[in-house]
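[1] need coordinates for the following:
(one chain, ligands or ions: 1)
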Amino acid sequence: MPDISTKYMGLTLRNPIIAASSGLTKSASKIEECEHAGAGAIVIKSVFEEVLAQADFQIAGSATIHAEAYDYFRSQLEMQYGPREYLDLISEVKKKVTIPVFASINCVSSKWWTTYAKQFQDAGADGLELNIFKIATDTREDSTAIEKMYFDILEAVKKQVTIPVALKIGMYFTALPQFVAQLAKKGMDAVVLFNRFTEADIDIEKLNLTTTFSFSTSYDIYKPLRWTALMAGQVGCDISATTGIKSANDIIKLLLAGASTVQIASLFYQKGIDRLVEIIAELKAWMAAHKFERISDFKGKLAFANTQSPQNYLRAQFMEKIRGIE
Ligand SMILES: Cc1cc2nc3c(=O)[nH]c(=O)nc-3n(C[C@H](O)[C@H](O)[C@H](O)COP(=O)(O)O)c2cc1C
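    Residues are numbered from 1 along each chain as shown. Reported below is the predicted structural model:
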């Protein structure tokens, strides 16, 4: 029977499949279900920095929160955890499950971390995942300033904790490999590729703006697949791939590209967390058929740095592939 245990951020996971931060990981009972179905680890539903900020009664004065966003955040607050509830949840979960538990923080500044990151560690979190997204709207703000915000948050958190820290980021960076390598130099243990966002939409009858969200589709896997492959083994940290994973085959592809772990949400919402049982069996069956005894036997085998045909990862323009379509 193949051994599917793996190392991620210095921790040993029984398998590389993580239940991604979402409603599926928002309570101790749901997290127990994830463990029971076979998850290698879980990332708890994110606590939002705005909630932590509000707990300190300073939210209205926070320079990081646009005034118009304030009402929106307030309306969300009742649905979100406060810091006390989040700490209690971490402690409760750690008493109930044996798989690694990552706390997740949706960050917009480095301001609050001197207080909370250490408390999450003390509550028992095995690692932290910082979910950071900054939309560039200011024509005077350059990429250096935006990247500095990520560095500042990482450094502020790393000063407070000894547990491993991952950053979950979007894909809109001009030079992603150098940016990720810089983060790794500053102590980031893993990068999570990529976050999935809600999108802005327009109601053409009411002539106003709305926010839309849908579960991922199979086609969404190709962006994390390419960027995992391009960076695996090159950037000085582990890679966890997420978005668009629908099958054991998708997981195998991402491991071949060099991911240490994968994170799944949409599939489990749509098919149930028990789909994990079949996926694990399919992963083991594929490994046995290919005579791989452990994950390290094939992890990164088809990464950009290792494959005989790296040009496939670089090809992006419409050429032969679509000739039959046009
Ligand atoms: C309903 C829902 C809620 C989510 N909430 C969070 C969250 O609080 N924090 C976070 O980092 N990601 C959140 N995500 C993103 C997932 O963790 C995951 O990265 C993303 O959905 C891509 O994986 P998928 O294609 O398997 O859905 C959420 C996803 C869904 C579907």
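
[2] convert the C-alpha atoms of stretch 148-162 to CSV, please.
    Only the C-alpha atoms of stretch 148-162 are listed here, as CSV (Å, rounded to 0.1, in the frame of the first residue of the first chain):
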residue,chain,number,x,y,z
LYS,A,148,6.1,46.0,0.9
MET,A,149,2.7,45.7,2.5
TYR,A,150,3.0,41.9,2.2
PHE,A,151,6.5,42.0,3.5
ASP,A,152,5.5,44.1,6.5
ILE,A,153,2.6,41.8,7.4
LEU,A,154,4.8,38.7,7.1
GLU,A,155,7.6,40.2,9.2
ALA,A,156,5.2,41.5,11.9
VAL,A,157,3.7,38.0,12.2
LYS,A,158,7.0,36.2,12.1
LYS,A,159,8.3,38.3,15.0
GLN,A,160,5.4,37.0,17.1
VAL,A,161,5.3,33.3,16.4
THR,A,162,7.4,30.2,16.1
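
[3] residues making contact with that stretch?
    107, 109-110, 113-114, 117-118, 120-121, 128, 130, 132, 134, 165, 167, 169, 179, 182-183, 186-188 (CB atoms under 8 Å, 6 or more residues apart in numbering). Just so you know, the C-beta spots here come from the backbone N, C-alpha and C atoms, and that holds for glycine as well.

[4] of the residues you listed, keep whichever come out buried.
    Buried residues within the contacts of stretch 148-162, counting neighbours by 16 or more other CB atoms under 10 Å: 107, 109-110, 113, 117-118, 120-121, 128, 130, 132, 134, 165, 167, 169, 179, 182-183, 188.

[5] those residues in strands, which ones?
    Here DSSP state E is the test, and the buried ones among the contacts of stretch 148-162 give 107, 128, 130, 132, 165, 167, 169 as lying in strands.

[6] pull the most distant pair out of those.
    128 and 169 (14.2 Å; CB to CB).

[7] and residue 5, its phi and psi?
    Backbone dihedrals for residue 5, given as degrees, to the nearest 10, come out at phi -70, psi 160.

[8] right, and it touches residue 12 too?
    Yes. The pair residue 5 / residue 12 is scored as a contact, 6.1 Å apart, by CB atoms under 8 Å.

[9] more neighbours: which of the two?
    Under the criterion of other CB atoms under 10 Å, the comparison of residue 5 against residue 12 puts residue 5 first, with 14 against 11.

[10] near the ligand, which residues of the chain show up?
    20-23, 45-46, 104, 131, 168, 195-196, 215-216, 220, 242-245, 263-267, 269 (CB under 6 Å from any ligand atom).

[11] pull out the buried residues from those.
    Buried by 16+ other CB under 10 Å: 20-22, 45-46, 104, 131, 168, 195-196, 216, 220, 242-245, 263-267, out of the residues of the chain next to the ligand.

[12] all helices of the protein, in order?
    28-37, 49-55, 67-77, 83-96, 113-122, 143-160, 176-185, 222-231, 248-257, 266-271, 275-289, 311-314 (DSSP state H).

[13] can I get those in a markdown table with distance to residue 204?
    Shown next, in a markdown table, are the helices of the chain (distance: least, CB to CB, whole Å):
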| stretch | distance to residue 204 |
| --- | --- |
| helix 28-37 | 38 |
| helix 49-55 | 31 |
| helix 67-77 | 22 |
| helix 83-96 | 39 |
| helix 113-122 | 42 |
| helix 143-160 | 32 |
| helix 176-185 | 35 |
| helix 222-231 | 29 |
| helix 248-257 | 35 |
| helix 266-271 | 27 |
| helix 275-289 | 37 |
| helix 311-314 | 39 |
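
[14] save the ones you listed as TSV, and put in mean pLDDT too.
    Compiled in TSV, the helices of the chain are given as follows (pLDDT from 0 to 100):
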stretch	mean pLDDT
helix 28-37	98
helix 49-55	61
helix 67-77	45
helix 83-96	93
helix 113-122	83
helix 143-160	93
helix 176-185	98
helix 222-231	97
helix 248-257	98
helix 266-271	96
helix 275-289	98
helix 311-314	90
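
[15] which one of those helices lies closest to residue 206?
    Across the helices of the chain, residue 206 has its closest neighbour in helix 67-77 (17.6 Å, CB to CB).

[16] cool, thanks, signing off.
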